[in-house]
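Undergrad: Pasting the sequence and the predicted coordinates here, then a few questions.
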Amino acid sequence: MSVKRKRNLSATIALLPTWFAAVVVFIGTMAWSIRLSFTNSTLFPSSTYVGFAQYAKLFASAKWLASLQNVLIFGVLYVAGCLVLGFLLAAALDRKIRFESAFRAIFLYPYAMSFVVTGLIWQWMLNPTLGIQASVRSLGWESFVLDWVVNRDMAIYALVLAGVWQGAGLVMVIALAGIRGIEAEQWKAARIDGIPVWRIYVSIILPQLGPALAAAGMLLAMGVIKTYDIVVAMTNGGPGNATEVPAKFIMDNLFGRQNLGLATAGATVLVLGVVIAVAPFRYAMHMRNQAKGGA
Amino acid sequence: MNQPHPNGPKPARITAGRIGLYTFLVGAALFFLLPLYTMVVTSLKSMDEIRLGQIFALPATLDFSAWVTAWSGACMGTVCVGIRSGFWNSVAITVPSVALSVFIGAVNGYALSLWRPRGANALFGLLMAGGLIPYQIFLYPMVRAMANIGLYNSLAGIILVHVIFGLPLVTLLFRNYFVSVPEELCKAARVDGAGFWRIFFEIMLPIAVPMVVVVSMLQFTGIWNDFLLGLVFAGRDNLPMTVQLNNIVNTTMGERTYNVNMAATILTAIVPLAIYFLSGRWFVRGIAAGAVKG
């Protein structure tokens, strides 16, 4: 008994800093922020309770609504783009390719780089006066247009392009590992039945990659909600509000505009968004693990 | 990874399908390499050459002056000292942050999985939830709290922030690793009279070396590439390279010096890229572990 208590004591003490971080930093600061979102705080925190007024103001703000719409468009296209391109790359690399490891390295290297770097590279390539557009025009195609970063209607797709360039390699790595883990027997059986190769990938392999791809999609989606660096580096929210995103809206109001109440209300909405997005997924994983444990 | 494919050896015949496959792969490779190529050639051109609008053309002469300027003379607002200081700031931030977070993560994973003290599951659940929440909700109170204890805008402050926000991921990875270590090993050592720390340092840490490498890669690139936390917590004198890079490129007055900008961008990307290309498999394992288990 005394030994057990002692062992627990050492382990408990070792975990104290982490307890502190989890309770004080994660829970404490979140509670503080949520509380601020119900006050009329501007530059300094205030304790005057204003109910849901900041939330009403938030959802009356054209900029916030635009940022929600933008992050939704960006998120859907970015996640879908990474999943589709990543899976295609993995399937292609699985076909006994020469220089497979070189191709793999090329497809994944952007993922090692910062979003700031990614944003700046693509800003440069898509710059209409000196970038790809100018280069193609000088080849003789005078009407060629690729002005996405400065075009209100296209700027969000410029972000998607840069994002997919950065993130598709991650999906490729995960998908390729999954494909290689599938038993050879299934291949043999399918080949004997005369099923064409592409059908095998779509109908047999893809379903089995479901959980791995869902996890990858989940990870990318979490990144979408936090999207900040790439926007700051590439378009800084412009032109107009065309690429404003919630995380940037919150940062601007937190530190630039000294609008604490509004910023914390936005942050609270973001957290709620994560909870709503993650909860069903986590619940499904939990149920599946329990089912597995019971079997 | 290299198990023989059920379809047998590489097909010897050239078929339409093979041509299509290679066309797709080569096309994709061009798409992925084009930005890197563009950055490198742009950084080696003079501004006169850049103004011609031939973004893909090779430089007429190799001109490394943009690199020199990016390193030691590029301007952030009115200060023109180059990205050099940001590089050293990033080193000073990243190295201790990685060392500390990997150590604490290893201790956490070990304590949570092999000792399971009271509340272990609650702590783990809390950490995992904390890891999913967007940073924005923590920032303002963190800034105030750090200011109160005198750590705001300091090197120690930004390191502490990185360690705290790294805890969920590193703890998760080490816990999953130590769960697979047979419990008998721990029990036997305990019977021999070894305590919590001795078992950790003499048995568990040596066993966990592969995980230490993987997590270090992951944390190193993650912290090096961070922008938001460095921007908020590091303070003027300790701004990491990513923040300085953005300041150089996006706030300069007058004509943009694209060659300098691209050289600075490459300099910022070069450390994580070097880690990626030198550590290869380890890096891939790290991101795969972080992705699948996160």
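TA: Good, I have the coordinates. Numbering: from 1, shown residues only, chains lettered A, B, ... in the order given.
Undergrad: and B:Asp63, that one's in a strand?
TA: No - judged by DSSP: H, G, I helix; E, B strand; the rest coil, B:Asp63 forms no part of a strand; its state is coil.
Undergrad: need the contact list for the residue nearest the centre of chain B.
TA: Per C-alpha atoms, centre = their mean, the C-alpha nearest to the average position across chain B is that of B:Thr221, at 1.4 Å. By C-beta atoms under 8 Å, 6 or more residues apart in numbering or on different chains, the contact set of B:Thr221 is A:112, B:272, B:275-276, B:283. (Glycine included, C-beta is placed from N, CA and C.)
Undergrad: Now render those as TSV, adding distance to A:Phe281.
TA: Formatted as TSV, the contacts of B:Thr221 follow (distance: C-beta to C-beta, whole Å):
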residue	distance to A:Phe281
A:Ala112	27
B:Pro272	29
B:Ile275	31
B:Tyr276	29
B:Phe283	27
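Undergrad: Return the member of the residues you listed nearest to B:Gly105.
TA: B:Phe283 (17.7 Å; C-beta to C-beta).
Undergrad: ok, which stretches of the stretch 151-294 of chain B are helices?
TA: B:155-179, B:183-191, B:196-199, B:205-207, B:209-224, B:228-233, B:241-250, B:258-279, B:281-293 (DSSP state H, counting those that start in this stretch).
Undergrad: Mind putting those into TSV with distance to A:Glu142?
TA: As requested, the helices of the stretch 151-294 of chain B are exported to TSV (distance: least, C-beta to C-beta, whole Å):
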stretch	distance to A:Glu142
helix B:155-179	50
helix B:183-191	72
helix B:196-199	73
helix B:205-207	65
helix B:209-224	43
helix B:228-233	42
helix B:241-250	29
helix B:258-279	23
helix B:281-293	44
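Undergrad: so which of these is the most packed in?
TA: Neighbour counts (mean count of other C-beta atoms under 10 Å in any protein chain shown) averaged over each of the helices of the stretch 151-294 of chain B peak at helix B:241-250, with a mean of 25.
Undergrad: for that one, packing partners?
TA: helix A:115-126, helix A:229-234, strand B:75-76, helix B:84-110, helix B:228-233, helix B:258-279 (3 or more C-beta pairs under 8 Å, 6 or more residues apart in numbering or on different chains; DSSP states H and E).
Undergrad: hey, which helix or strand in chain B has the poorest pLDDT?
TA: helix B:281-293 (a mean of 71; mean pLDDT, DSSP states H and E).
Undergrad: what's around the closest residue to B:Leu160 other than its chain neighbours, how many residues?
TA: Spatially, and ignoring its direct neighbours in sequence, B:Leu160 is nearest to B:Leu151 (6.4 Å; C-beta to C-beta, 6 or more residues apart in numbering or on different chains). Look at B:Leu151: counted by other C-beta atoms under 10 Å in any protein chain shown, it has 18 neighbours.
Undergrad: can you check B:Leu132 too?
TA: 17.
Undergrad: Could you do A:Ala162 as well?
TA: 28.
Undergrad: show me what contacts it?
TA: Counted by C-beta under 8 Å, 6+ apart, A:Ala162 has contacts A:118-119, A:121-122, A:230, A:234.
Undergrad: ok, of these, which one's closest to chain B?
TA: Chain B lies nearest to A:Ile121 out of these, by C-beta to the nearest C-beta, at 4.4 Å.
Undergrad: Nearest residue to that closest one in space, ignoring adjacent ones along the chain?
TA: For A:Ile121, the spatially nearest residue (C-beta to C-beta, 6+ apart) is B:Pro35, at 4.4 Å.
Undergrad: and the angle from whichever helix or strand the one you found is part of to helix A:115-126?
TA: Using DSSP states H and E, B:Pro35 sits within helix B:16-43. Following axes from the mean of the first three to the mean of the last three C-alpha atoms, to 10 degrees, one obtains 100 degrees for the angle between helix B:16-43 and helix A:115-126.
Undergrad: which ones are touching B:Trp224?
TA: Going by C-beta under 8 Å, 6+ apart, B:Trp224 touches A:114, B:90, B:94, B:240-242, B:271-272.
Undergrad: ok, is the longest helix belonging to chain A in contact with chain B or not?
TA: For chain A, the helix with the greatest residue count under DSSP state H is helix A:260-294. Yes - using C-beta under 8 Å from any C-beta of the partner chain, helix A:260-294 reaches chain B at A:260, A:263-264, A:266-268, A:270-271, A:274, A:278.
Undergrad: Does anything pack onto that helix? Which helices or strands?
TA: helix A:29-36, helix A:53-60, helix A:206-225, helix A:246-251, helix B:136-148.
Undergrad: For it, what does the pLDDT average out to?
TA: Helix A:260-294 shows a mean pLDDT of 82.
Undergrad: again with stretch A:118-131
TA: 90.
Undergrad: Over to stretch A:71-80?
TA: Rounded mean pLDDT across stretch A:71-80 is 96.
Undergrad: now do stretch B:109-128
TA: On average, stretch B:109-128 scores 91.
Undergrad: okay, how far is it across it, tip to tip?
TA: 13 Å (C-alpha to C-alpha, to the nearest Å).
Undergrad: What is the burial count for B:Phe31?
TA: 16.
Undergrad: my read: it touches A:Val164, true?
TA: No - counting by C-beta atoms under 8 Å, B:Phe31 does not reach A:Val164; the two are 9.6 Å apart.
Undergrad: Now the weakest link among the helices of the stretch 151-294 of chain B, please, by mean pLDDT.
TA: Looking at the helices of the stretch 151-294 of chain B, the lowest mean pLDDT belongs to helix B:281-293 (a mean of 71).
Undergrad: Break down the stretch 51-200 of chain A into its helices, ranges please.
TA: Using DSSP H, counting those that start in this stretch, the helices found in the stretch 51-200 of chain A span residues A:53-60, A:62-93, A:100-108, A:115-126, A:132-138, A:155-180, A:184-192, A:197-199.
Undergrad: Packed most tightly, which of those would that be?
TA: For these, average neighbour numbers computed from mean count of other C-beta under 10 Å are highest in helix A:115-126, which has a mean of 26.
Undergrad: Determine the number of other residues adjacent to residue 152.
TA: No chain was given, so I picked chain A. Going by other C-beta under 10 Å, the residues that sit close to A:Arg152 add up to 12.
Undergrad: Oops, wrong one, chain B.
TA: 19.
Undergrad: Give the full set of residues in contact with it.
TA: B:143, B:146, B:233, B:235.
Undergrad: Out of the residues you listed, flag the one nearest to A:Ala291.
TA: Checking these against A:Ala291 with C-beta to C-beta, the nearest one is B:Phe233 at 43.2 Å.
Undergrad: In this model B:Gly157 seems to touch the closest one, though I could be wrong.
TA: Yes - at 5.5 Å, B:Phe233 and B:Gly157 qualify as touching, with contact defined as C-beta under 8 Å.
Undergrad: What's the mean pLDDT across stretch A:99-109?
TA: Stretch A:99-109 shows a mean pLDDT of 93.
Undergrad: can you give me the offset of that stretch from its chain's centre?
TA: Mean C-alpha position of stretch A:99-109 versus that of the full chain (C-alpha atoms, centre = their mean, to the nearest Å) differs by 22 Å.
Undergrad: how many neighbours does B:Gly73 have?
TA: Neighbours of B:Gly73 under the rule other C-beta under 10 Å: 15.
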